[in-house]
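Engineer: With the input below, show me the fold.
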Amino acid sequence: MKAIIIDDEPNAVELLVLRLAQKCPQIEVVAQFTNSVKGVEAIKLHQPDIVFLDIEMPQLNGFQVLEAVEDIPFHLIFVTAYDKFALKAFRYSAIDYLLKPIETQELIEAVSKVEKQIKTSKEQVNHFRNQYQNFNKTLPDKIALPYQNGVTFVAIKDIVYCEADNTYTKVFMNDGQHFLVTKTLLSIQEVLEEREFLRVHRQYIINLNQIKKYVKGEGNYLIMNNDKSIPIGRSQKDKLIEKFGWL
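Structural biologist: All right, here's what the predicted structure looks like:
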C-alpha cells in the first residue's frame with residue numbers, strides 16, 4: 001500500500017517513516033512533506049492508499065488539505081498531539097488517529113485496521129471537522145457507526161441499547177433498525193457514557209431515556225421502549241440508583 005505523510009514537524013515525519021519501515025513493511029512511503037501545499041500536489045500525483053495527516057499546520061491545515069484534493073479516494077489517519085476535545089471528535093466520527101509521540105503498537109493496529117476497512121468518507125471528515133471545531137461548546141447529536149461496508153450516521157437520542165457481539169457491537173435503534181458495528185462495546189461506552197447512557201451489564205449499554213420499566217425480583221431487569229428485556233449486573237444496580245433514585 002502506498003502512503004504519503006504530511007506533517008509540519010520534521011522529527012515526527014522521520015520517526016513515522018522509520019516506524020513504518022521497521023514494523024509495517026506492507027506500507028511504502030512514496031512521499032513525505034512538512035509543506036502542506038506540496039503535500040496536496042503529491043496526493044494528486046501519487047494517488048496513495050493511505051495518507052498520514054497532521055491537523056494543525058501552517059499554510060494549509062489538515063482540513064484545507066482534504067478540501068484541496070476534493071475527493072478522498074484513500075484511507076485517512078490523522079496524526080495529532082493530545083487534545084481531549086479532538087479525541088472525542090475522532091470517536092464520534094469513527095476516524096482513525098495516532099497520538100504524538102506515536103507508539104509502535106498503536107501504529108501497527110491503525111495500519112491493520114486500515115487494511116480491513118473501506119476508505120474514509122467525505123461525510124466522516126465533515127462530521128469530524130464540525131465536532132473538532134465545536135466540541136468545547138456542545139456535544140454532537142450524531143455518531144458515526146462503522147460497519148463492514150461503510151459508515152452510517154445516526155441520532156444518538158434514537159439509540160435504544162447496544163449489545164456486545166464478540167469484538168463487534170450491535171446497535172439497536174428505536175425505529176427497529178440495528179447495525180453491526182466494527183467496534184467493541186468498550187469503545188462505544190467511552191463515547192456514549194458522557195451522554196445519558198449507562199453500561200448496566202457486561203453485554204449491554206442502554207439509553208436511560210429509552211427505559212420503559214424496571215422489574216424487581218430475582219434477576220432485576222429493565223424493559224426498554226422497544227420491549228427488549230435487559231439484565232442488570234449486580235454491580236451496576238447502584239449506578240442506576242444514582243441516576244434515578246427510585247430502584
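
Engineer: So for this protein, the centremost residue is which one?
Structural biologist: Closest residue to the average C-alpha location of the chain: residue 94 at 2.6 Å, with CA atoms, centre = their mean.

Engineer: Contact partners for that residue?
Structural biologist: By CB atoms under 8 Å, 6 or more residues apart in numbering, the residues touching residue 94 are 124, 144-146, 151, 183. All C-beta spots, glycine's among them, are computed from the backbone N, C-alpha and C.

Engineer: rerun at 10 Å
Structural biologist: 117, 120-121, 124, 127-128, 143-147, 151-153, 181-183, 187, 191 (CB atoms under 10 Å, 6 or more residues apart in numbering).

Engineer: Can you tell me how far the most far-flung residue of the chain relative to its centre is from residue 232?
Structural biologist: Most distant from the centre of the chain: residue 217, at 38.3 Å, with distances by CA atoms, centre = their mean. From residue 217 across to residue 232, the span is 11 Å (CB to CB, to the nearest Å).

Engineer: Now, of the contacts of residue 94, which are buried?
Structural biologist: With burial judged by 16 or more other CB atoms under 10 Å, the buried subset of the contacts of residue 94 is 117, 120-121, 124, 127-128, 143-147, 151-153, 181-183, 191.

Engineer: Could you list which of those belong to strands?
Structural biologist: 143-147, 151-153, 181 (DSSP state E).

Engineer: and the helix or strand harbouring residue 53, what other elements does it pack with?
Structural biologist: Residue 53 belongs to strand 50-54 when assigned by DSSP states H and E. Under the contact definition 3 or more CB pairs under 10 Å, 6 or more residues apart in numbering; DSSP states H and E, strand 50-54 sits against strand 2-6, helix 10-23, strand 28-33, helix 36-46, helix 62-68, strand 75-80, strand 96-99, helix 104-116.

Engineer: What is the longest one packed up against?
Structural biologist: Of the remaining helices and strands, those touching helix 10-23 by 3+ CB pairs under 10 Å, 6+ apart are strand 2-6, strand 28-33, strand 50-54, strand 75-80, helix 104-116.

Engineer: Save these as JSON lines, and put in mean neighbour count, mean pLDDT and distance to residue 197 too.
Structural biologist: Below are these laid out as JSON lines (neighbours: other CB atoms under 10 Å; pLDDT from 0 to 100; distance: least, CB to CB, whole Å):
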{"stretch": "strand 2-6", "mean neighbour count": "23", "mean pLDDT": "97", "distance to residue 197": "36"}
{"stretch": "strand 28-33", "mean neighbour count": "17", "mean pLDDT": "97", "distance to residue 197": "40"}
{"stretch": "strand 50-54", "mean neighbour count": "26", "mean pLDDT": "97", "distance to residue 197": "31"}
{"stretch": "strand 75-80", "mean neighbour count": "22", "mean pLDDT": "94", "distance to residue 197": "26"}
{"stretch": "helix 104-116", "mean neighbour count": "15", "mean pLDDT": "89", "distance to residue 197": "24"}
